[in-house]
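Undergrad: Following is a predicted model, sequence given first.
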Amino acid sequence: MSHHVGVAGESRGMRGRQTVRDMVLSMLAVGAVVWIGYLFLPHDANGDGVHTKEYRVAAASAKRAAPYALLVPEGLSDKWRATSVTYDPATLGKGKGNAWHLGFVTPAGQYAAIEQSDVARDILLDATVAGGKPDGTSEVAGQSWERLQGPKARALTIQTGGATTVLTGTASYEELAELAQALK
């Protein structure tokens, strides 16, 4: 009798060790999948909650679709981190124009966006820098940009062909001018 109990005890002990081993292997496998996902999914490399976007492919596609000379920054330092990018083509019959948007967190940690559209200038300015009042001009790369100061944001704006370009956000006029300088 005692021999039979010993075998049953050993069998149960072995099953217990196999269960623990299987559980550990499963946890390692799940951990490996999570780690690989972390490596390949966009994440916050700077630890400040900013999720960056790759915008060059979207910009190239938007440049082909836009009925105006769409402006995209070139040569900005990597301290300018793109956070949003969209191109909305005009919706026929709804009075909505083509609209290009590219948002950044600036080197100073502020927000700056390029808004470019062929809607009426006043509509675009009201949508991008609500309550903005004229605040002089900034000379950038030989062009005169109108400055607007609103209660929550400021902007530099210029008319380029059939579109209005607005650089807006909480960024300083100096950073907005740096962004304007990079537009091509």
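TA: Arrived safely, thanks for sending. Nothing here was measured: the structure is a model prediction, and the numbers come from that model. Numbering: from 1, shown residues only.

Undergrad: Give the full set of residues in contact with P151.
TA: Shown in contact with P151 (Cβ atoms under 8 Å, 6 or more residues apart in numbering): A130, G131. Quick note: C-beta positions are derived from backbone N, CA and C, even for glycine.

Undergrad: So it versus P134, what's the distance?
TA: In this view, P151 and P134 are 15 Å apart by Cβ to Cβ, to the nearest Å.

Undergrad: Show me the residue at the heart of the protein, geometrically.
TA: T83 (1.6 Å; Cα atoms, centre = their mean).

Undergrad: Now for the nearest residue to it once chain neighbours are set aside, how many residues are close by?
TA: Leaving out its chain neighbours, the residue that sits closest to T83 by Cβ to Cβ, 6 or more residues apart in numbering is G103, at 5.0 Å. Applying other Cβ atoms under 10 Å, we find 19 residues neighbouring G103.

Undergrad: swap in R154?
TA: Residues lying near R154 (other Cβ under 10 Å) number 20.

Undergrad: A65 now?
TA: A65, neighbours per other Cβ under 10 Å, totals 11.

Undergrad: from memory it sits against D88, does it?
TA: No. Applying Cβ atoms under 8 Å as the test, A65 and D88 come out as separate, 10.0 Å apart.

Undergrad: re earlier: mind listing what the residue nearest to T83 touches?
TA: Applying Cβ under 8 Å, 6+ apart, the residues near G103 are A82, T83, S84, V85, Y111, A112, A113, I114, G169.

Undergrad: Quick check: bridge partners of the third one?
TA: Note on S84: beta-bridge partners G103, judged by DSSP bridges.

Undergrad: Please state the offset of the one helix or strand E175 maps to from the chain centre?
TA: For E175, the element it lies in under DSSP states H and E is helix 173-182. Offset of helix 173-182 from its chain centre (Cα atoms, centre = their mean, to the nearest Å): 18 Å.

Undergrad: i'd like the first residue to be 279 from this point on
TA: From this message on, residue numbering opens at 279, which makes the last subject helix 451-460.

Undergrad: Which residues does it contact?
TA: With Cβ under 8 Å, 6+ apart as the criterion, helix 451-460 contacts 351-354, 358, 382, 384-386, 388, 390, 392, 416, 418-419, 421, 423, 425, 432-434, 436, 445-447, 449.

Undergrad: Then stretch 404-420?
TA: Contacts for stretch 404-420 (Cβ under 8 Å, 6+ apart): 391, 393, 403, 422-434, 444, 446, 451, 454-455, 458-459.

Undergrad: Tell me which of these fall in helices.
TA: The members of the contacts of stretch 404-420 that map onto helices under DSSP state H are L403, Y451, L454, A455, A458, Q459.

Undergrad: Ranking by neighbours, what's the top pick from the residues you listed?
TA: Most crowded among these, counting by other Cβ under 10 Å, is L454 at 27 neighbours.
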